Each structure stands twice: as structure tokens, then as C-alpha cells.
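**Student:** Predicted structure and sequence below. I'll ask about it afterward.
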Amino acid sequence: MQSKLLIGYDVERVPGRVPGEKWVGRKVPEDTTKRFLQRIVDVHRAVNVPATIFMLGRNIEAHLRELEGCAASGLFEIAQHTHDHFPLKTVVEETGSRVYLKGLDFNRIEEQIAEPVALLKRHLGIDCKGITTPYTYYRGLSDRPDILEIIARHGLVYTRSYGRNSLDYFPLGWDLQPFFYDRQGFPDILEFPVQGWIDAQWRHDNGWDKQDEYLAYLKEQVDTHADEGICWAHLQHDWTSLLCDPELDWTRRFLEYAAGKFETLTYHDFYKAKKPESDKETV
């Protein structure tokens, strides 16, 4: 059975804060988001592959022209990545970089989710359907029904928040597949676990300049899982995509390779196909 690949770009560059320049070890251009949004349209048109852009709310108004271009191509769903890129849950890595990130105070979480929804609607006429959370977490939002309630109240129907293993690190196993938050009381919210290594952490741990090696890793995952009937929620960033590769060459090569073996969809299109027919009015 052919597997499905969901390409999701976390578009999050905030000069001076995201990504941390010390963590990257080199300067990340301040205009990264603009250049990425312009170039990624050309890449996806060339390979005819759909994708989802998870846009940081605080950057929406400054990049309306680029986002309009993405939407007009007919290849991109535009969803959100919270407003300011603060962790919604605490992260305590037990291996790897051993990073500690304190989760945002609960009374600040609603604004982080609500503001991008309002901005996308006001400026682009887009009804935002999904959110990818900064940093991702072990078990996603399974232990945070209070956050799921906010997400549901603002009309979001899917999340991409489960990206870490039991050590609060990477990679996440491929046996973890999309699931609804039924047990938490939100049967209409679908979680997309992010399997394997996210691009930023693989490249941080193995070397930012090792683009060919990272591409080889991605191709290996394609070959391994193409016929398993799984859903691969792929996570990639604006700044990592351009780092050492201003033309997005390795991104294009990955998409070309994967599109020949996986069915490619946006996250919301997968959600609509996954939802039982009797519940279609909620999508």
C-alpha cells in the first residue's frame, strides 16, 4: 500500500531570537522568511507537489505578498505556528543537546493561538485549520486538554505537536501515526506525529554543511517506508532549508525523489480524507 507524505514548512525566522544564532553557530540572514516564501513556490511548481506552510503569526503582515503568492499557486495550505514561537509545554531533553525550555504560562497561550487565526482571516481570507507547535513535545498535547480546548474553540481541527520521544529528544518512531484526541474529549482534533528526525536537529547534531548526507537520510526513509501504507508528517523550516542552500536545491531533489514513491497531500486534505463521512460537516 502506498504511503502518504505531508510536507510541512515551519516558517518562523525571528531575527535575534529564532533560531538562536549561537545554536546554529553562524549568521542566519534576517530576510530568510521572505526569500524562502518566494523561492519555495517555484520549487513546488516545478515538482507539482502540495505542501502546508505553518506561518508564525507575528510575521504574517510583513509577508502578505509572499503568502498571497503561495496561496495563488494552488499548491499550498497556509496554517499557523503560534504567534511568537514560545513553547506551549516544557521541554526537558534527557540526551543530545539536553536543552531545557520552560513552557509558556497558561494565561498567555490563548493569545498565541488566537492571533494568527485572526490575522490569516483578516488579511488573506483564510480559515486556519491547523497548528504546529514550537519545538514539539513528547506525547504532543495528550496531557494538555486545557490547550486542546483553546485550539478547538478557535476552529482548528488538527495539530502537529508530537515530535519527541520519551527522552524528550529525537527521533520519533515511525509506528506513531495520526490519531484523534478522543480520550481527551476532542474527537475532531487530529494529531500528526512528526516521525524520524526533524531537519534542524539532524543537521545541528551532524553538521549544517552536510546537505548531501541529510538528503541521503531522507531518501533512505522514502525507500524504507514508501510501501508501508503509513503517513509521514515531514517537518522542515524556512531557515534550515536556505542555510547553505539559497536555491533550495536539496529540498527540490528530496521532493522529486519522494513524489515518485509517496502520495503527497496537504495536512488539511489528509484530515478531510481521514474524517468519517458522517462527520464531514466539522472539517
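**Tutor:** Cool, got the structure.
**Student:** Nearest residue to Q177 in space, please, no chain neighbours.
**Tutor:** With sequence-adjacent residues excluded and distances taken as C-beta to C-beta, 6 or more residues apart in numbering, Q177 is closest to C231, at 5.8 Å. Every residue, glycine included, has its C-beta placed from N, CA and C.
**Student:** Wait, the one you found touches L6, no?
**Tutor:** Yes - judged on C-beta atoms under 8 Å, C231 makes contact with L6 at a distance of 6.7 Å.
**Student:** So which residues of the stretch 151-283 of the chain form helices?
**Tutor:** Secondary structure of the stretch 151-283 of the chain (DSSP state H, counting those that start in this stretch): helices located at 199-206, 211-225, 238-242, 249-259, 267-274.
**Student:** Return the most buried member of the ones you listed.
**Tutor:** Of all the helices of the stretch 151-283 of the chain, helix 238-242 has the most neighbours on average by mean count of other C-beta atoms under 10 Å, namely a mean of 24.
**Student:** Now list whatever residues contact both of C231 and L6.
**Tutor:** Residues touching both C231 and L6 (C-beta atoms under 8 Å, 6 or more residues apart in numbering): F192, F270.
**Student:** Just want to know which of the two has more residues nearby.
**Tutor:** The residue with more neighbours, out of C231 and L6, is L6; 27 against 22, by other C-beta atoms under 10 Å.
**Student:** Now do the more buried one against Q236, distance only.
**Tutor:** Applying C-beta to C-beta, to the nearest Å, the value for L6 to Q236 is 11 Å.
**Student:** next one: L255
**Tutor:** 10 Å.
**Student:** Identify the contacts common to those two.
**Tutor:** I7.
**Student:** Tell me the buried residues in stretch 71-82?
**Tutor:** Residues A71, L75, F76, E77, I78, A79, Q80, H81, T82 are the ones in stretch 71-82 that count as buried (16 or more other C-beta atoms under 10 Å).
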